[in-house]
Structure formats: C-alpha cells, structure tokens
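S.K.: no sequence for this one, just the structure:
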C-alpha cells in the first residue's frame, strides 16, 4: 500500500488570505500526481495532473508545484474566497499507471 | 452531458442483503473504477477496469464483485452486506487504459448504510 500524506488536515483562513498545503508521496517509481477539488455534496473535480519534476500548473488563483525527487507537491491558493471552501485531495500513481492512491485531503474553510 | 452516472444516490440495507450499485459513463472511457470514502481515510480503490472484459482488484476488494461487459457500465455488487460496508461509494472513469496521466471523472456518489 502506497503512502500519500496531506497536511494540514484542515485549515481556516479569512477571505483574501493566501494559503498553501502539502502532499507527500513515494518518490520511487513515480508516474503522476493528481489534485482534485471536492465540494460538500458534490463529486471530486480534477484541478491538475502533473507528471514532470519541476512542473508548475495554474488555474486562475490556484497553482501547484511538483518535486518528484523528494516526493512532494504544493497547492497554492492566492486571495482565498468563500467559494474556495472545499476539501482538496491529492492522488499518486506509480509507473504501473492503473491505481490512484489518494491522500486524506485538506479541508479548507474560508470565512467571509 | 451526463458524464458519470451513479444509481442509487442513497440506500439502506440490512446485514446479509445483496445489492448492485450501478455506474454508467457516456464518454467512451476505457478506464473505470470504484472507490469508497470513509471519514478520515480519504478515497480507497475497491476495483478497477481497463476495458470491457477486464477487471482487477484495488486496495480494498473484499466483499465486492465487479464485471465489465460493456465499455459504458461498471456495476459494483455487494453479495452479503456487512455494517463495515457502510460508506459513500464513488465511481470514476478516465480516458485511456490507465489512470496515470489523465484526470478521473467522478459520479455523484452513493451513500450506503448497512444496519
């Protein structure tokens, strides 16, 4: 069983704050790292799929970086808004490429 | 666009009953999978399929069966429900024959309670 860890487990910020959270994963046999956004009562939706060491991806105010050599990825949210409140999941797949292993998620709550 | 459709959305079962959770996708995706989500544990893979006629076990397969007779459908069967199978179940699909570098598309989930 592959170990994917996310920290912190939960985070409360004020509207307008910038924030970031971490996903750590096995650095051997790396293939891809996924980030998903999961709002309450909805289904997870993909934010990024990253495959190359040093990858940086951006979607609006959300961005992510990837370090495959040391086994971590950061997700950044600039100027958090209440609608950013959700659980953010990362998931790792190794070079067999058939199974996504998810971390436990970071639950973000943005107060107006 | 329907995407990934799961039925039912909610279900209560008695211990020992059987049922099938349905999952259908209309995106012609080869890869389909089932996850369960339990508090504090994230999503855990139950079974997956890389194409019609091919299935394999994930991290937590015990107590569940799957089949993939068509590209569109990937039902999950509980043969004899147990309280430990109380969970929220998600079906997901992805283009290509793996989940490696392509995003997963999730259904809306099925909340199952076994009493």
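M.R.: Thanks, I have the structure now. Since this is a predicted model, take the numbers as computed values, not measurements. Residues are numbered from 1 along each chain as shown, chains lettered A, B, ... in the order given.

S.K.: How about residues contacting the host helix or strand of residue B:77?
M.R.: Element membership of residue B:77, judged by DSSP states H and E, is strand B:76-78. With C-beta atoms under 8 Å, 6 or more residues apart in numbering or on different chains as the test, strand B:76-78 has contacts from B:13, B:18-21, B:23, B:34, B:46-47, B:63-67, B:85, B:89, B:91, B:112. C-beta: built from backbone N, CA, C; applies to glycine.

S.K.: after it, next one along is what?
M.R.: Proceeding N to C from strand B:76-78, the next assigned helix or strand is strand B:87-94, under DSSP H and E.

S.K.: Quick one: check the helix or strand just after that next one for contact with chain A.
M.R.: Using DSSP H and E, the helix or strand that follows strand B:87-94 in sequence is strand B:105-106. Yes. Using C-beta under 8 Å from any C-beta of the partner chain, strand B:105-106 reaches chain A at B:105, B:106.

S.K.: Direction included, what does strand B:105-106 pair against?
M.R.: Next to strand B:105-106 in the sheet, as set by DSSP bridges, lie strand B:87-94 (antiparallel).

S.K.: ok, and for the strand it pairs with, which residues are buried?
M.R.: Neighbour counts over strand B:87-94 (16 or more other C-beta atoms under 10 Å in any protein chain shown) mark B:87, B:89, B:90, B:91, B:92, B:93, B:94 as buried.

S.K.: Could you dump the residues you listed into CSV with pLDDT added?
M.R.: CSV is the format used below for those (pLDDT from 0 to 100):
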residue, pLDDT
B:87, 97
B:89, 97
B:90, 97
B:91, 97
B:92, 96
B:93, 95
B:94, 93
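
S.K.: any chance of these in TSV, plus distance to residue A:38?
M.R.: What follows is the buried residues of strand B:87-94, written out as TSV (distance: C-beta to C-beta, whole Å):
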residue	distance to residue A:38
B:87	15
B:89	15
B:90	10
B:91	15
B:92	12
B:93	17
B:94	17
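
S.K.: Tell me the one of those residues nearest chain A?
M.R.: residue B:90 (6.6 Å; C-beta to the nearest C-beta).

S.K.: The closest one and residue A:62, how far apart?
M.R.: Distance of residue B:90 to residue A:62, given as C-beta to C-beta, to the nearest Å: 22 Å.

S.K.: mind checking which helix or strand residue B:62 is in?
M.R.: Using DSSP H and E, no helix or strand contains residue B:62.

S.K.: Got phi/psi on it?
M.R.: For residue B:62, the backbone dihedrals (degrees, to the nearest 10) come out as phi -60, psi 130.
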